[in-house]
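>>> Pasting the sequence and the predicted model now:
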Protein chains: 2
Amino acid sequence: MAVSTPTPPRAVVEHLVRQAVYQRLGKPLPKLATAPNPLIVNVSARHCHVTQEAVEQLFGKGRQLTVHKWLYQEGQFAANETVTLIGPRSRVISNLRILGPCRTLNQVELAYTDAIALGFDIPLRHSGNIKGTPGCMLMGPAGFFEMSEGVIRAARHAHMSPKDAEHYGVKPGDFMKLKLGGECGLILDRMLCRVDPAFKLEVHIDTDEGNACNLQPETPCELFK
Amino acid sequence: MAVSTPTPPRAVVEHLVRQAVYQRLGKPLPKLATAPNPLIVNVSARHCHVTQEAVEQLFGKGRQLTVHKWLYQEGQFAANETVTLIGPRSRVISNLRILGPCRTLNQVELAYTDAIALGFDIPLRHSGNIKGTPGCMLMGPAGFFEMSEGVIRAARHAHMSPKDAEHYGVKPGDFMKLKLGGECGLILDRMLCRVDPAFKLEVHIDTDEGNACNLQPETPCELFK
């Protein structure tokens, strides 16, 4: 599949238009437009992160992940490569997408709805903190890869730069709230702040959270302390 | 399957114990204990309501729904009878539970996660308001039943008696909020109040909402205006 140039997310365009309009009018910027960066809320469907060793075991010696679609965070991508996950009750999830580039650990991120369907009892964890979590079997075209641990529900979190953190008045490890509007709106509590100069402002929620409020491109989103 | 006597839900027992303790201590009741009834929050997994005509077409002439498990609302039950739902992309959900007793309309209630998996684009509706919603095919051991409409995501709602409504200061059709605590807590907005003297205080949310916050028997729940 060809790698297309991504169009900017709607929130980015809206943010730029808003800033331009207020500037043109010579009016004071409202709170939303003073944020250094637009707020992007993305739903992470179930996926996995794998090591190069796992890639070779699953897809063949010397194989590398290839880019299906670039993600919003610089350098991150959804790979063309997918695996089949085999759970404890021998139930499977086919076409589980691998996100690249390769990492130093193997981790499967499921929503609770996925986990219950598969028969997994998985804990809520921050990405990378997988000690003592359930394992699973991954199956690829070239073979199996056994994970002794690493199946989690990833805790909701916000990626941000130090400049964003300053704007929102938070520091790394703080929790924020995310208000999502609409007909079945909600406020998500305990949104972990992950701050890094390389991060673009982006909130990651899972499919249970996104579907609970029917998150759409036009859903009003507000991040606050 | 035998119909067992249901044990009272944990929230009911807790509410009674709390009231008894405060009474014994001669202390003023805190806000939670002054409510006339305990707050029960239940997750409705995907299910359907059907007419007697549909039951006979699906299970055979003269067949009646039989009780698998009584639900919290008086007279409502999960039936032993289940159907297979066939969606627009020929994908199926097996073992879709029928809730009894029979109604005057046919309605399938799915979470958005279910609907997306099946390829349905379904609207958020209050139960019974199914005009213009997608239809589907149901399959039972004795035959098919075609629904021309009635597949919805049921809007979150609270059943309550007039006494409960008075306690919370709401009237039928008002919206309330439901706060669910824990490690991945949230506040659900737009919880519709349905008031009837026959109703026991009970909030119904779907699996997306319940799994978004990992609702457990010990999760703190708070209903407010």
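That came through fine.

>>> and the helix or strand of chain A at the bottom of the mean pLDDT ranking, what does it pack onto?
Lowest on mean pLDDT, DSSP states H and E among the helices and strands of chain A sits helix A:31-34, with a mean of 71. Applying 3 or more Cβ pairs under 8 Å, 6 or more residues apart in numbering or on different chains; DSSP states H and E, we find helix A:31-34 packed against helix A:10-25. Glycine gets a C-beta too; all of them are placed from N, C-alpha and C.

>>> Compute the number of surrounding residues for A:Pro8.
A:Pro8 has 13 neighbouring residues, counting by other Cβ atoms under 10 Å in any protein chain shown.

>>> So it, which state does it fall into?
coil (DSSP: H, G, I helix; E, B strand; the rest coil).

>>> so where's chain A shaky on pLDDT?
Applying pLDDT under 70 to chain A flags the ranges A:1-6, A:32.

>>> Enumerate the residues of it near chain B.
For chain A, the contact set with chain B under Cβ under 8 Å from any Cβ of the partner chain comprises A:111-113, A:116, A:124, A:153, A:155-156, A:183-190, A:206-209, A:211-212, A:214.

>>> Let's see which of those residues end up in strands.
A:Leu124, A:Arg153, A:Leu186, A:Ile187, A:Leu188, A:Asp189, A:Arg190, A:Asp206 (DSSP state E).

>>> Whichever strand or helix holds A:Asn80: partners in the sheet, and parallel or antiparallel?
Per DSSP states H and E, A:Asn80 falls inside strand A:77-86. The strands that strand A:77-86 pairs with in its sheet are strand A:67-70 (antiparallel), strand A:92-100 (antiparallel), strand A:136-140 (antiparallel) (by DSSP bridges).

>>> ranking those strands by burial, who's on top?
strand A:136-140 (a mean of 20; mean count of other Cβ atoms under 10 Å in any protein chain shown).

>>> Please state the offset of that strand from the chain centre?
Taking Cα atoms, centre = their mean, to the nearest Å, one finds the center of strand A:136-140 at 21 Å from the center of the full chain.

>>> Check what contacts it and list those residues.
If you take Cβ atoms under 8 Å, 6 or more residues apart in numbering or on different chains as the criterion, strand A:136-140 is touched by A:48, A:50, A:54, A:57-59, A:81, A:83-88, A:96, A:106, A:108, A:120, A:144-147, A:150-151.

>>> which residues sit against stretch A:193-200?
Counting by Cβ under 8 Å, 6+ apart, A:37, A:40, A:72-74, A:157-162, A:164-165, A:168, A:170-176 sit against stretch A:193-200.

>>> In strands, which of these appear?
A:Ile40, A:His157, A:Ala158, A:His159, A:Met160, A:Phe175, A:Met176.

>>> Check the gap between the last one and B:Ala117 for me.
Note on A:Met176: its distance to B:Ala117, by Cβ to Cβ, to the nearest Å, is 31 Å.

>>> And these two? Which one has more around it.
Ranked by neighbour count (other Cβ under 10 Å), A:Met176 and B:Ala117 place A:Met176 first, with 21 against 16.

>>> Let me know whether the more buried one touches A:Ala158 as I believe.
Yes. At 6.2 Å, A:Met176 and A:Ala158 qualify as touching, with contact defined as Cβ atoms under 8 Å.

>>> Are there residues contacting both of the two? Which ones?
A:Met191, A:Cys193, A:Leu223.

>>> Any chance of a markdown table for those residues, columns neighbour count?
Below are these laid out as a markdown table (neighbours: other Cβ atoms under 10 Å in any protein chain shown):
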| residue | neighbour count |
| --- | --- |
| A:Met191 | 23 |
| A:Cys193 | 20 |
| A:Leu223 | 21 |
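
>>> Which of the helices or strands spans A:Glu56?
Per DSSP H and E: helix A:52-59 holds A:Glu56.

>>> picking that back up, please produce TSV containing the ones in strands among the residues of chain A next to chain B, extended by neighbour count.
Shown next, in TSV, are those (neighbours: other Cβ under 10 Å):
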residue	neighbour count
A:Leu124	15
A:Arg153	24
A:Leu186	26
A:Ile187	20
A:Leu188	24
A:Asp189	20
A:Arg190	18
A:Asp206	25
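
>>> and which of these is nearest to A:Pro134?
A:Arg153 (11.2 Å; Cβ to Cβ).

>>> For the closest one, which non-adjacent residue is closest in space?
A:Leu124 (5.0 Å; Cβ to Cβ, 6 or more residues apart in numbering or on different chains).

>>> list the contacts for that neighbour?
Contacts of A:Leu124 (Cβ under 8 Å, 6+ apart): A:Ile152, A:Arg153, A:Ala155, B:Glu183, B:Cys184, B:Asn214.

>>> Show me which of those is closest to A:Thr7.
A:Ala155 (29.5 Å).

>>> so that closest one makes contact with B:Asn214?
No. A:Ala155 lies out of contact with B:Asn214 (Cβ under 8 Å); the separation is 10.8 Å.

>>> Settle it for me: which of these two has more neighbours?
A:Ala155 (20 against 17).

>>> What separation is there between the more buried one and B:Leu180?
16 Å.

>>> list the contacts for A:Gly87?
A:Ile93, A:Leu118, A:Gly119, A:Phe120, A:Cys136.

>>> Quick check: closest non-adjacent residue to it.
A:Leu118 is the one closest to A:Gly87 (Cβ to Cβ, 6+ apart), at 3.6 Å.

>>> can you tell me how far the one you found sits from B:Leu186?
Distance from A:Leu118 to B:Leu186, by Cβ to Cβ: 23 Å.

>>> swap in A:Asn95?
A:Asn95 is 29 Å from B:Leu186, by Cβ to Cβ.

>>> residue at max distance from the center of chain A?
A:Gly26 (37.1 Å; Cα atoms, centre = their mean).

>>> Quick check: phi and psi at that one.
phi 70, psi 20 (degrees, to the nearest 10).
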